[in-house]
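Student: Have a look at this prediction, sequence included:
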Amino acid sequence: MNQTLDPGINEELEAMRQRVQEAEDTCLAIARGEVDAFVVGAHEEQKRVLLLAGAYQRYRQLVEHMQQGAVTCSPQGDILYANQRFAAMLDVPLSSLYAAPLESYVAVPDRARLSAFLLLSARGSRTDVTLHRRDGHIVPVRLSLTSFGDGYASILVTELTMPQRLDEVEHSLNGIRDALEVLNRVCANDESGRQAIKAIGAEINGLARLADELRDEQRRTEGG
Amino acid sequence: MSEAQQTDKWELRLYTAGQTPKSLAALSNLKKLCDEHLSGRYSIEIVDLLQNPRLAKDDQIVAIPTLVRKLPAPMRKIIGDLSDTERALVGLQLRPRK
């Protein structure tokens, strides 16, 4: 005697079949090496992505070969990781950096600023400090916090070249010029105010000329 | 041409984990596959689970990369980097299973 299954049971069987198929597909994909990450976590709020070892390859290569220095510090400010570029900035072997305090490579006047920067650890925060190279030369750099998780600070270290610093000076001067224009309008009927603004303007122009001369000198030095 | 292939617009969602080799390979393979078999009739949404793992819940994703065909219905899931083109086409029902 033929018996027809309850439609509800048919649906359940179909759903079960699909789950089994998906499980088999997952195992097959793993066996073939076609996946390199998994979503794990017992509860929704615990969900995270687990990467297989080889999945980090691209990121490692990117960090190791980029033009900026990269440093990861403990909350105490000790270097846990540094890339080759950072070691080259300091002219020291990479191996000597591990577990060393970052501040030991920073000029004394800038150490308080570094401490505050690490303490704040706000993502995207920046500060400028001066590093000491082994050969005694100094290297002005900008530190940018790129991420902060698990108590570690990941920092990008960008060398501030003279042209970059001069660009910043010019940018600041332009800002001051804009502010002076506003003051000039405000002090339209104030002779002493206008005289003061004129004097400040003259100083700004002097600084701008100095920046241009330094830039030209830099170009001549690099070109020579 | 299969019934699925006759549908106007395909909506595909690819779950990735940032720039892992398999995630990159999956997107590259998917693009090639779509350009060849669904030219002009598809859209690809990338869901990077490294940015937000909780989005895996929508389609019950466990392994990455995973491609989900949202449209045409019914939903289909293909797990892996789509390097096996034949299997990907069968999974998407762009080619009948042998």
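Tutor: Cool, the structure landed. All values derive from a computational prediction rather than experimental measurement.

Student: Could you pull up the contacting residues of the residue of chain A found nearest chain B?
Tutor: Using CB to the nearest CB, residue A:34 is the residue of chain A that sits closest to chain B, at 3.2 Å. Using the backbone N, CA and C atoms, a C-beta is placed for each residue, glycine as well. For residue A:34, the residues meeting the contact criterion (CB atoms under 8 Å, 6 or more residues apart in numbering or on different chains) are B:22, B:79, B:80, B:81, B:83, B:84.

Student: My guess is residue A:89 contacts residue A:158. True?
Tutor: No - taking CB atoms under 8 Å as the definition, residue A:89 is not a contact partner of residue A:158, at 9.9 Å.

Student: buried residues in stretch B:90-97?
Tutor: By neighbour count, and taking 16 or more other CB atoms under 10 Å in any protein chain shown as the criterion, the buried residues in stretch B:90-97 are B:91, B:92, B:93, B:94, B:95.

Student: any idea how far the second one is from residue B:28?
Tutor: Looking back up the chat, that one is residue B:92. Counting by CB to CB, to the nearest Å, the separation of residue B:92 from residue B:28 is 16 Å.

Student: could you redo the buried residues of stretch B:90-97 as a markdown table and give each row distance to chain A and secondary structure?
Tutor: As requested, the buried residues of stretch B:90-97 are arranged in a markdown table below (distance: CB to the nearest CB, whole Å; DSSP: H, G, I helix; E, B strand; the rest coil):
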| residue | distance to chain A | secondary structure |
| --- | --- | --- |
| B:91 | 8 | helix |
| B:92 | 13 | coil |
| B:93 | 14 | coil |
| B:94 | 17 | coil |
| B:95 | 16 | coil |
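
Student: Backbone dihedrals for the residue in chain B that chain A sits nearest to, please?
Tutor: Closest approach of chain B to chain A (CB to the nearest CB) occurs at residue B:80, with a separation of 3.2 Å. With angles defined as degrees, to the nearest 10, residue B:80 shows backbone torsions of phi 120, psi -180.

Student: you'd agree it is up against residue A:29?
Tutor: Yes - in this structure residue B:80 lies within contact range of residue A:29 using CB under 8 Å: 3.6 Å.

Student: Of these two, which one has the most company?
Tutor: Set side by side, residue B:80 and residue A:29 give different neighbour counts by other CB atoms under 10 Å in any protein chain shown, the larger being at residue B:80 (27 against 22).

Student: show me what contacts that one?
Tutor: With contacts taken as CB under 8 Å, 6+ apart, residue B:80 has the following neighbours: A:25, A:28, A:29, A:32, A:34, A:35, B:22, B:26, B:63, B:65, B:66.

Student: excluding its backbone neighbours, what's nearest it?
Tutor: Residue nearest to residue B:80 in three dimensions, not counting chain neighbours: residue A:34, with 3.2 Å by CB to CB, 6 or more residues apart in numbering or on different chains.

Student: Pretty sure that neighbour sits in a helix.
Tutor: No - assignment of residue A:34 by DSSP: H, G, I helix; E, B strand; the rest coil gives coil, placing it outside any helix.

Student: which stretches of chain A aren't confidently modelled?
Tutor: A:1-5, A:57-58, A:147-150, A:221-224 (pLDDT under 70).

Student: which stretches of it form strands?
Tutor: Per DSSP state E, chain A carries strands over the ranges A:37-40, A:48-51, A:69-73, A:79-82, A:126-132, A:138-149, A:152-159.

Student: Mind giving me the packing neighbours of the last one?
Tutor: Of the remaining helices and strands, those touching strand A:152-159 by 3 or more CB pairs under 8 Å, 6 or more residues apart in numbering or on different chains; DSSP states H and E are strand A:69-73, helix A:84-90, strand A:138-149.

Student: Tell me the bridge partners for the residue most central in space within chain B.
Tutor: Most central in chain B under CA atoms, centre = their mean is residue B:67, positioned 3.1 Å from the mean C-alpha point. For residue B:67, the beta-bridge assignment (DSSP bridges) gives partners residue B:14, residue B:78.
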